[in-house]
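Q: I would like to see how this sequence folds:
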Amino acid sequence: MRFDLQLFAAESGKKIIYLYRPLSDAATMDGTQIAFVTENERSKSKDADSTATKDGSIRTPGAMEQEITCTSILDSDDTFIDTLEDALDDDELMEIWEADLTRAGSKSGTYEGRYFQGYITELTKSSNAEDMVEISLTFGINGNGAKGDVTVSAEQADAASYVFKDTPKTGV
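A: Numbering: from 1, shown residues only. Okay, here's the model as predicted:
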């Protein structure tokens, strides 16, 4: 059997995007991307207790813990980072959407994804002499999250990849 390895490598990490919003701003603010993201990660873990028996160990899983992390190059004009830092300082509940731009949702402009709520548990601003300023965020997630369709605007989708533009002048 022969495999086309390009098929396995076709899904690029930049096609999975995250949008964020303080829950208290739900009435007035859309979910927002963080500019210049270099890496996102979602991790799940469970501790397990082990009980020795005469027949061998029995493992009992504990509660699941879930975190979402984001690392980005700081855009000096990005005021959303200030909003996120205020949310950390004020213990604000955050909404987080994970959208997979390779999988269309059930309605136009939507993509398969997940929705989470949690708190920002860490914000790190790194500035060394040789690189650009980098921001790293960690979100501690409440519960398991929920699967569903995530609405992603054309601008948000465009930020995740180049859109082809032809050579004629645009008139703008």
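Q: Quickly find the element holding the residue lying closest to Asp30 once chain neighbours are set aside.
A: Using Cβ to Cβ, 6 or more residues apart in numbering and skipping the chain neighbours, the partner closest in space to Asp30 is Arg21 (7.1 Å). For every residue, glycine as well, the C-beta is placed using N, CA and C. Counting by DSSP states H and E, the element that carries Arg21 is strand 16-22.
Q: Please name every helix or strand in contact with that strand.
A: Packing partners of strand 16-22 (3 or more Cβ pairs under 8 Å, 6 or more residues apart in numbering; DSSP states H and E): strand 37-53, helix 80-89, strand 94-104, helix 154-160.
Q: still on that earlier bit, what's opposite the residue nearest to Asp30 in the beta bridge?
A: Legend: beta-bridge partners of Arg21 under DSSP bridges are Glu95.
Q: Model confidence score at the spatially most distant residue from the centre of the chain, please.
A: Taking Cα atoms, centre = their mean, the residue of the chain most remote from its mean C-alpha position is Lys54, at 45.4 Å. Listed pLDDT for Lys54 reads 88.
Q: same question, Ile16
A: 89.
Q: Next one: it relative to Asp86, how far apart?
A: 26 Å (Cβ to Cβ, to the nearest Å).
Q: Looking at these two, which is more packed in?
A: Shown here are Ile16 and Asp86; by other Cβ atoms under 10 Å, Ile16 has more neighbours (18 against 12).
Q: Not counting its neighbours along the chain, what's nearest that one?
A: Asp100 (5.4 Å).
Q: That neighbour contacts Gly13, correct?
A: No: look at Asp100 against Gly13 with Cβ atoms under 8 Å: they stay out of range, at 10.8 Å.
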